[in-house]
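> the sequence and its predicted three-dimensional model are supplied below.
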Amino acid sequence: KGAWLWWNVPTPPHRNSTFADLVEENPASVNWHTPAETTQLLGMMSVLNLAKVSAAKRAKRRMVGGVYKRTRLDERGMKVQRAEVRFDDVAGCLRTPAGGSSRQTIIVVDGNDIRSRLISSRETARLMGLPDEYKLPKNYNEAYHLTGDGVAVPVVRHLAAYLLEPLLGIAAAQDREAA
């Protein structure tokens, strides 16, 4: 333990944007679902998840939730596909659209107006900390694959500044001393 080096990495700055701030009103890479498709999505929700949507309707502000489709057992023990939603300003994990993973759907609730669609490729890039100037592939699946299962740029930058770069500096100094 005497040779251990203890790092005191500072807490990252508090974010000043919400999930809703990242959402595009008119995305180029995806289309809004039809009202029937949104109704079908709501029909896949459990009582608990429908209660979250009802609470969002009463919030008196635009609420954006992330939706994932999962296989769950129903009350008879049968496997059914369920839509689970969260309105806590945290996007669920961005998973590449392969291997059975579900692409994230978003639901926008503004009073009684409810719309849904796949998350756009630009929104996934924003979630990963990429600037809007970052050039994404034109193909949706290629863009989603680029950002899904990736590492968030601001997280890597913070770790680099307070851990990796200081470590490299120590390693370089030790190399100079050994020479």
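Received the coordinates, thanks.
> residue closest to the middle of this structure?
A91 (3.3 Å; CA atoms, centre = their mean).
> what mean pLDDT does the biggest strand by length in the chain get?
Longest strand in the chain, counting residues (DSSP state E): strand 63-73. Strand 63-73 shows a mean pLDDT of 91.
> can you give me the buried ones in the very next helix or strand once past that strand?
Next helix or strand after strand 63-73 toward the C-terminus (DSSP states H and E): strand 79-86. For strand 79-86, burial by neighbour count (16 or more other CB atoms under 10 Å) applies to R82, A83, E84, V85, R86. The way it works is simple: take the backbone N, C-alpha and C, and place the C-beta from them, glycine included.
> quick check: the first one touching G43?
No - between R82 and G43 no contact is recorded; they are 10.3 Å apart, counting by CB atoms under 8 Å.
> against D110, how distant is N26?
From N26 across to D110, the span is 15 Å (CB to CB, to the nearest Å).
> so for those two, which sits in the more crowded spot?
Using other CB atoms under 10 Å, the more surrounded residue of N26 and D110 is D110, with 15 against 7.
> just the pLDDT for that one.
Looking at D110, the pLDDT reads 95.
> dihedrals phi and psi, it?
In terms of degrees, to the nearest 10, the main-chain angles of D110 are phi -130, psi 90.
> just A36 next, same as before
With angles defined as degrees, to the nearest 10, A36 sits at phi -70, psi -40.
> any idea of the pLDDT on it?
pLDDT at A36 comes out at 98.
> still on that earlier bit, what strand or helix carries the residue nearest to the centre of the chain?
Of the helices and strands defined by DSSP H and E, none includes A91.
> may I have the residues that are in contact with it?
F19, G66, Q104, I119, L127 (CB atoms under 8 Å, 6 or more residues apart in numbering).
> want to throw the buried residues of strand 79-86 into a markdown table with distance to R95 and pLDDT?
Shown next, in a markdown table, are those (distance: CB to CB, whole Å; pLDDT from 0 to 100):
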| residue | distance to R95 | pLDDT |
| --- | --- | --- |
| R82 | 17 | 93 |
| A83 | 16 | 94 |
| E84 | 14 | 94 |
| V85 | 17 | 96 |
| R86 | 15 | 94 |
